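>>> structure of the sequence below:
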Amino acid sequence: MTIRRATPDDVGRLSVTAMRAFVDDPVMRWLYPDDEMYLAPGGSVFWQAMHGWIRNDEVWCTEDGTALAVWLLPGRPEHVADPDADVHRPPSPELEQRFGLIGAAMAAHTPPELHWYLQLLATHPDWQRQGLGAELMRLQFARKADEGLPCYLETESPENVAYYRGHGFDVRSEWDVDPDGVLGRPGPHMWGMLRPVQ
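The predicted model follows:
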């Protein structure tokens, strides 16, 4: 299996992979409950973010783009904006509110110590359970351990908690996003997980 750093030429296929992988994800479907928007052609729901992630130079993928891992550098710099990537429809006020609520909740639980952040790990459903995600993580864990830094992520299902525990992460905190349903329905339950240097 070839794993490489993603390039701007990969935005389209990696966006499709992410969209398909997260079609039932509690966070993504709370943010984008409307199928027409979430399932828009070409994985466009991920285009804007994918452009920024790739420009930060820490997206790793299989050669065919069926699996990817998005890492954010220690200190979590902002996405590097792509002035030519005006490909995402303007967000609605409700979507902005949802992003604001989830962003604040995640920020409140972010570990204070310097760490690498696993923003997203995705495998296209047709290629899941073949160890692609595990291999994407394994290669980067060795690199991050050499730097003496832990890794952190958030997840939204008990199954994922068990999966990441199997790869050295442990639950650091958990919380509910918008439990009172201010925006119509309660948000997801989330777990923050930290993998110490090993």
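>>> flag the shaky bits of the protein, pLDDT-wise.
Applying pLDDT under 70 to the chain flags residues 77-91.
>>> how about a cut-off of 90?
Residues of the chain meeting the criterion pLDDT under 90: 1, 56, 73-96, 127, 139-140, 142-148, 180-185, 197-198.
>>> quick one: the helices in this structure?
Using DSSP state H, the helices of the chain run over residues 11-21, 26-31, 35-38, 47-55, 93-109, 132-146, 158-165.
>>> ok, Pro158 to Trp191 distance?
Distance, Pro158 to Trp191, by Cβ to Cβ, to the nearest Å: 9 Å. Yep, even glycine has a C-beta here, placed from its N, CA and C like the rest.
>>> the residue nearest to the spatial centre of the chain - nearest residue in space that isn't next to it in sequence?
The chain has Leu120 as the residue nearest its centroid, 2.3 Å off, counting by Cα atoms, centre = their mean. The shortest distance from Leu120 to any non-neighbouring residue, by Cβ to Cβ, 6 or more residues apart in numbering, is to Val70 (4.2 Å).
>>> what count of nearby residues applies to that neighbour?
By the criterion of other Cβ atoms under 10 Å, Val70 has 24 neighbours.
>>> show me the contacts for Leu68.
Counting by Cβ atoms under 8 Å, 6 or more residues apart in numbering, Leu68 touches Ala6, Leu14, Thr17, Ala18, Val59, Trp60, Cys61, Thr62, Leu120, Leu121, Ala122, Leu136.
>>> how about Met50?
Contacts of Met50 (Cβ under 8 Å, 6+ apart): Val11, Leu14, Ser15, Ala18, Val59.
>>> if we can go back for a sec, how about the contacts of Leu68 in a markdown table, adding distance to Asp35?
Shown next, in a markdown table, are these (distance: Cβ to Cβ, whole Å):
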| residue | distance to Asp35 |
| --- | --- |
| Ala6 | 27 |
| Leu14 | 21 |
| Thr17 | 18 |
| Ala18 | 16 |
| Val59 | 26 |
| Trp60 | 30 |
| Cys61 | 26 |
| Thr62 | 27 |
| Leu120 | 21 |
| Leu121 | 24 |
| Ala122 | 19 |
| Leu136 | 28 |
